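**Student:** 3D, please:
(one chain, ligands or ions: 3)
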Amino acid sequence: MNLETGMIMAMADVKASLAGAYAAGERPTFVSVLPSGYDEIWKMHGVMLVVPIVPPDAPTALQFALRLRRDALISGICENCEATFAIKIEAEVLDVPLAGLFFPHRITCPGNDASTKKMLQGYRQAKHDEKFDLASAAASERLREDAGSNGVELDAAEFGDRIEQRIAELLSPPVPVCEHLESDPDQVWSTFIAHADWKCDACWEQERQEVLRTGTKFDAIEEFTCDLCRRYAPKSIAKLVIRHGIFLLRGGACARCQAHEASQRAIDATVSGGN
Ligand SMILES: [Zn+2]
Ligand SMILES: [Zn+2]
Ligand SMILES: [Zn+2]
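**Tutor:** Residues are numbered from 1 along each chain as shown. Ligands and ions are numbered 1, 2, ... in the order given. Here you go, the predicted model:
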């Protein structure tokens, strides 16, 4: 499909025209980085190319494989196995075939699909775990800052089930999240227990300022309803902050729930030897 003229070309024509362009020394031009941060979009003759980014902290073998693949897309030939591009139909949208361009690297080439994919998955998983651990630690830190003496760190089984259930509800689709969580979920997620609207740290701080300015977020009933037992308790509501992994939940707890939680924690502390 030639996007520039709106003309749909047969696959053979696309291939011939691209081959001609590569042979004439024409090179794709950079368009943008994909939101995932893993790939870039380049374009040549109205054909979009998804070009892998070579992460500077990836293992050397993976960097080498990605660089081969990247250079092949840009130059038109793999310098290691001499694969040239091929075209296959990826999908059809309203009867219009959408073609993808790829390089059939030889199985002995370090840039081949199977081994690169395996290395890439390993690297991304490790990267994800690392970021997740950092986000968990940050959430824990935030809990201590925010909660002061009233912070309830999730460990008591009775509340654990209830809170885990609530988190599952708050995360069931469609989940309203800020754009930053959407593009990078490995960070601290904050919301009110009573209200599914997840925010990253920066957006949460903005929300907090907004609440400080306007006085309240919820109506008087919700404001004084315990988030653990859902009782209306205008006299005894105290601030409650709960962390579960990377999730931080804010709300209020009544005196009864606070006392219950405190005794649970005392029991847990005794059972686990004071840790
Ligand atoms: Zn190759
Ligand atoms: Zn945000
Ligand atoms: Zn309560």
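**Student:** who in this structure is up against ligand 3?
**Tutor:** Counting by C-beta under 5 Å from the ion, the residues of the chain close to ligand 3 are C226, L228, C229, C254, C257. Backbone N, C-alpha and C define where each C-beta goes, glycine included.
**Student:** so the last one touches L228, yeah?
**Tutor:** Translated: C257. Yes: counting by C-beta atoms under 8 Å, L228 is a contact partner of C257 at 4.3 Å.
**Student:** let's verify E26: helix, strand, or coil?
**Tutor:** coil (DSSP: H, G, I helix; E, B strand; the rest coil).
**Student:** surely it meets M44?
**Tutor:** Yes: the criterion here is C-beta under 8 Å, and E26 meets it with M44 at 6.6 Å.
**Student:** more neighbours, these two?
**Tutor:** Shown here are E26 and M44; by other C-beta atoms under 10 Å, M44 has more neighbours (19 against 13).
**Student:** now the more buried one: closest residue in space, sequence neighbours ignored.
**Tutor:** Excluding the flanking residues, the one nearest M44 by C-beta to C-beta, 6 or more residues apart in numbering is P28, at 3.9 Å.
**Student:** what about the one you found, how many neighbours?
**Tutor:** Residues lying near P28 (other C-beta under 10 Å) number 23.
**Student:** same deal with the one 4 residues further on?
**Tutor:** Neighbours of S32 under the rule other C-beta under 10 Å: 9.
**Student:** give the contact list for it.
**Tutor:** S32 makes contact with E40, I41 under the criterion C-beta atoms under 8 Å, 6 or more residues apart in numbering.
**Student:** and it, what element?
**Tutor:** For S32, the host element (DSSP states H and E) is strand 29-33.
**Student:** dump the C-alpha coordinates for the helix or strand following that strand into PDB.
**Tutor:** Note on strand 29-33: by DSSP H and E, the next helix or strand toward the C-terminus is strand 39-44. The C-alpha trace of strand 39-44 is given here as PDB (Å, rounded to 0.1, in the frame of the first residue of the first chain):
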ATOM      1  CA  ASP A  39      10.900   0.100  18.800                       C
ATOM      2  CA  GLU A  40      11.100   2.900  16.300                       C
ATOM      3  CA  ILE A  41       8.900   3.600  13.300                       C
ATOM      4  CA  TRP A  42      10.800   4.400  10.100                       C
ATOM      5  CA  LYS A  43       9.400   4.800   6.700                       C
ATOM      6  CA  MET A  44      10.400   4.400   3.100                       C
END
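**Student:** can you give me the strands for this protein?
**Tutor:** 29-33, 39-44, 47-52, 86-93, 96-102, 189-192, 195-199, 238-244, 247-253 (DSSP state E).
**Student:** reformat these as JSON lines; add distance to ligand 2.
**Tutor:** Converted to JSON lines, those look like this (distance: least, C-beta to the ion, whole Å):
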{"stretch": "strand 29-33", "distance to ligand 2": "19"}
{"stretch": "strand 39-44", "distance to ligand 2": "23"}
{"stretch": "strand 47-52", "distance to ligand 2": "27"}
{"stretch": "strand 86-93", "distance to ligand 2": "32"}
{"stretch": "strand 96-102", "distance to ligand 2": "33"}
{"stretch": "strand 189-192", "distance to ligand 2": "9"}
{"stretch": "strand 195-199", "distance to ligand 2": "5"}
{"stretch": "strand 238-244", "distance to ligand 2": "18"}
{"stretch": "strand 247-253", "distance to ligand 2": "13"}
